[in-house]
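**Student:** Everything below, folded, please.
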Amino acid sequence: MAFDLQWLLLALPLAFAVGWLGSRFDLRQWRGEQNAAPKAYYKGLNLLLNEQQDKAIDAFIEAVQLDPDTTELHFALGNLFRRRGEFERAVRVHQHLTQRGDLSSTERERAQHALAQDYLKAGLLDRAEAGYRVLEGTRFDIEARLALLQLHERSRDWRAASEDAARLEAAGTGSFASRVAHHWCELAQEAEERGDAAAAVAALAQAQATAPSSPRPWAQAGQRHARRGEHALALEAWTQLRQRHPLAFTLVAADYAASAAALGQEREALAVLQAAYADEPSLALLLAIDRLDADPARRHQRRAAHLAAHPTLSAAASVLREVADVPAEAVAAVDRASKPLQRYRCAACGFEAQRYFWQCPGCLSWDSFPPRSIEEQ
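**Tutor:** A predicted model of the protein is given here:
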């Protein structure tokens, strides 16, 4: 018994010493891991601020490996992958977050929103739509509905886009009437292309009723009537356009003159165009006036007066064409110089185009092209 007691007395201090050493080792290791993770995180932030994204990603990956439970690091890493166009890696990161059982509902919704963004940026529209549908009724409801609206417009599902806009307007996020009018105009154009005249007329009427002050439904209705030889109806639609949106009338000035000439109403149309020019002078209106009043002396006088009041290259070219002794090469040189300035430019993204667009092909904004060319703005 004395022998056993002696060993027990020896073992107790030894066990205490081993336990103390083990706790110190674990504490140092824990402290090292805790110190390493913030260092890697702050290193990643510093690299990101210095626009060194490759090195920043490596730093964030290191931080995630040191502390895999930190959700903020995962979000930072996934967003970096998306910004770099590495959508597959971004999807993996955000999918991992949505599948974690220890995540709060708020963080899971945030991860779901990020995942839907990944799919949208990657062009996986079906998956993006499903991802945003999951977010309806959550704190990301408005963001999800806006994304669905953009997604449906991008995929040219105009009826679904109109429904999205109606829900957003009902939720108090603002008026979407002008945007919905564009949707109906697009539906009218599609109906026209497949030969469904009744559907085209109904869609344009719906567009006009939805946003009476929007210029596109009236401009498009007039152009449709003119193509069908219904010039009187075309003039009526364009008269409505001028009353509601005088600046946009310049877009159809040449068509207005052509329809008036087809009806033999040159004098009446000339008065309308001259009044429009007095309100909003532009070369497009001036050329439409020239079409109805071809007298060389008056035409030259009008163009010279326009050049004096609005000195642009296009106006100069129009005057030079009327002067007989100006070399053709000089006129051609001014024409070439004026071409880039005759473009339309998106006010949202700066995209330039030779013809007018109701929706910018670059940034997909609606009504972002002013109805004047670059040189006349």
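
**Student:** which stretches of the stretch 251-377 of the chain form helices?
**Tutor:** Assigned by DSSP state H, counting those that start in this stretch, the helices in the stretch 251-377 of the chain fall at 253-263, 266-279, 283-292, 296-309, 313-320, 328-338.

**Student:** Would you format these as TSV with distance to His94 included?
**Tutor:** Using the backbone N, CA and C atoms, a C-beta is placed for each residue, glycine as well. Formatted as TSV, these follow (distance: least, C-beta to C-beta, whole Å):
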stretch	distance to His94
helix 253-263	51
helix 266-279	54
helix 283-292	50
helix 296-309	58
helix 313-320	52
helix 328-338	51
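
**Student:** Including mean pLDDT, mean neighbour count and distance to Ala177, could those go into a markdown table?
**Tutor:** As requested, the helices of the stretch 251-377 of the chain are exported to a markdown table (pLDDT from 0 to 100; neighbours: other C-beta atoms under 10 Å; distance: least, C-beta to C-beta, whole Å):
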| stretch | mean pLDDT | mean neighbour count | distance to Ala177 |
| --- | --- | --- | --- |
| helix 253-263 | 96 | 20 | 26 |
| helix 266-279 | 95 | 16 | 25 |
| helix 283-292 | 94 | 22 | 28 |
| helix 296-309 | 92 | 14 | 36 |
| helix 313-320 | 89 | 20 | 35 |
| helix 328-338 | 87 | 13 | 37 |
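
**Student:** Of the ones you listed, which is nearest Ala232?
**Tutor:** Taking C-beta to C-beta, helix 253-263 is the member of those nearest to Ala232, at 6.3 Å.

**Student:** Now do the closest one: which elements does it pack against?
**Tutor:** With contacts taken as 3 or more C-beta pairs under 8 Å, 6 or more residues apart in numbering; DSSP states H and E, helix 253-263 sits against helix 215-227, helix 231-244, helix 266-279, helix 283-292.

**Student:** State the distance from Arg216 to Glu375.
**Tutor:** 24 Å (C-beta to C-beta, to the nearest Å).

**Student:** Of the helices of the stretch 251-377 of the chain, which is nearest Ala226?
**Tutor:** helix 253-263 (5.2 Å).

**Student:** residues in contact with stretch 311-321?
**Tutor:** Stretch 311-321 has contacts (C-beta atoms under 8 Å, 6 or more residues apart in numbering) with 283, 286-287, 300, 303-304, 306-307, 326, 330-331, 334-335, 337-338, 341-342, 373, 375-376.

**Student:** hmm, 6 Å instead?
**Tutor:** 283, 303-304, 306-307, 326, 331, 334-335, 337-338, 342, 375 (C-beta atoms under 6 Å, 6 or more residues apart in numbering).

**Student:** Turn those into JSON lines, including distance to Arg92.
**Tutor:** Shown next, in JSON lines, are the contacts of stretch 311-321 (distance: C-beta to C-beta, whole Å):
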{"residue": "Leu283", "distance to Arg92": "56"}
{"residue": "Arg303", "distance to Arg92": "64"}
{"residue": "Ala304", "distance to Arg92": "68"}
{"residue": "His306", "distance to Arg92": "62"}
{"residue": "Leu307", "distance to Arg92": "63"}
{"residue": "Val326", "distance to Arg92": "67"}
{"residue": "Val331", "distance to Arg92": "62"}
{"residue": "Val334", "distance to Arg92": "58"}
{"residue": "Asp335", "distance to Arg92": "55"}
{"residue": "Ala337", "distance to Arg92": "53"}
{"residue": "Ser338", "distance to Arg92": "53"}
{"residue": "Gln342", "distance to Arg92": "49"}
{"residue": "Glu375", "distance to Arg92": "50"}
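
**Student:** That concludes my questions; thank you for your assistance.
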